[in-house]
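Undergrad: Whatever this is, show me its structure:
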Amino acid sequence: MEFKTREHWEQVYGTKAPEAVSWYRPHLEESLRYIRATGLPPDAAVIDVGGGEATLVDDLLAAGYRDVTVLDISAQALEVCRGRLGSAAADVSWIAGDILDVQLPAARYDIWHDRAVFHFLTDEAARRQYVAQCFRSLKPGGFAIVGTFGPEGPEKCSGLTVTRYAPEALHAEFGPAFELMSSSTETHRTPWGSEQQFVYCFCRRGVQD
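TA: Residues are numbered from 1 along each chain as shown. The predicted model follows:
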């Protein structure tokens, strides 16, 4: 299954320009707003899960963040991002792997961000695995910022079925170990002008293991 998923995304990123995918935004304003809302200094450790070719890493580096990790199942997407950053790419940690089975260090990150992966996890067991990975990798008291398609968002993306969430349903997937700090709904306009509904949950990991 992992091979098929990896193969799918390598094909997507190998055949489309970064600005030609539906989820592209020049800047992830809502994500950046939540990252600022953590109140953490620029030396906070941030991981962007499913970051691919997204520009969040560009804006984080420009804002002075010095401990940024970008993870994506597509090595090709990461290579495009590295090329765009040029010499600044050396200041970023890059991980090509599936978030469900990649070995991340425990209690490593202050901020976990995902605007690309969770809504593709249509299997309950996969979602539990993802949440366990998030809990283990975040420091106690760390923050999780997760964006998915909302109730009125598309039912499929890049040919794959997705799960759509209202804020309360998204938070319920993470459970009581994560305190819901805030949530929001965003209307994303695709590069070709159509609209997609996104929902964001801003949560804080409990301090108890």
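
Undergrad: Okay, Leu196 and Ala45: tell me how far apart.
TA: For residue 196 the amino acid is Gln, not Leu. Separation of Gln196 from Ala45 (CB to CB, to the nearest Å) stands at 30 Å. C-beta here means a position set from N, CA and C on the backbone, and glycine is covered the same way.

Undergrad: Equivalent analysis for Ala116, please.
TA: Distance from Ala116 to Ala45, by CB to CB: 19 Å.

Undergrad: Likewise for Phe120?
TA: For Phe120, the distance to Ala45 - CB to CB - is 25 Å.

Undergrad: neighbour count winner among those two?
TA: Ala45 (22 against 19; other CB atoms under 10 Å).

Undergrad: isn't the more buried one right up against Thr69?
TA: Yes. At 7.4 Å, Ala45 counts as touching Thr69 under the criterion of CB atoms under 8 Å.

Undergrad: Can you pull the residues that touch both of those two?
TA: Listed contacts common to Ala45 and Thr69 are Tyr109; contacts here mean CB atoms under 8 Å, 6 or more residues apart in numbering.

Undergrad: in what helix or strand does Ser31 lie?
TA: Applying DSSP states H and E as the criterion places Ser31 in helix 29-37.

Undergrad: between the helix or strand following that helix and helix 29-37, how big is the angle?
TA: Downstream of helix 29-37, the next assigned helix or strand under DSSP H and E is strand 45-49. Interaxial angle, strand 45-49 versus helix 29-37 (axes from the mean of the first three to the mean of the last three CA atoms, to 10 degrees): 160 degrees.

Undergrad: Buried residues, whatever helix or strand comes next after strand 45-49. List them.
TA: Sequence-wise, the next helix or strand downstream of strand 45-49 (DSSP H and E) is helix 56-62. By 16 or more other CB atoms under 10 Å, the buried positions in helix 56-62 come out as Leu56, Val57, Asp58, Asp59, Leu60, Leu61.

Undergrad: Out of the residues you listed, which is nearest to Phe135?
TA: Nearest to Phe135 among those: Leu56, at 21.9 Å, using CB to CB.

Undergrad: quick one, what contacts the closest one?
TA: Leu28, Ser31, Leu32, Asp48, His113, Arg115.

Undergrad: And the nearest residue to it once chain neighbours are set aside, how close does it get to Pro105?
TA: Nearest residue to Leu56 in three dimensions, chain neighbours excluded: Leu28, at 4.9 Å (CB to CB, 6 or more residues apart in numbering). Distance of Leu28 to Pro105, given as CB to CB: 25 Å.
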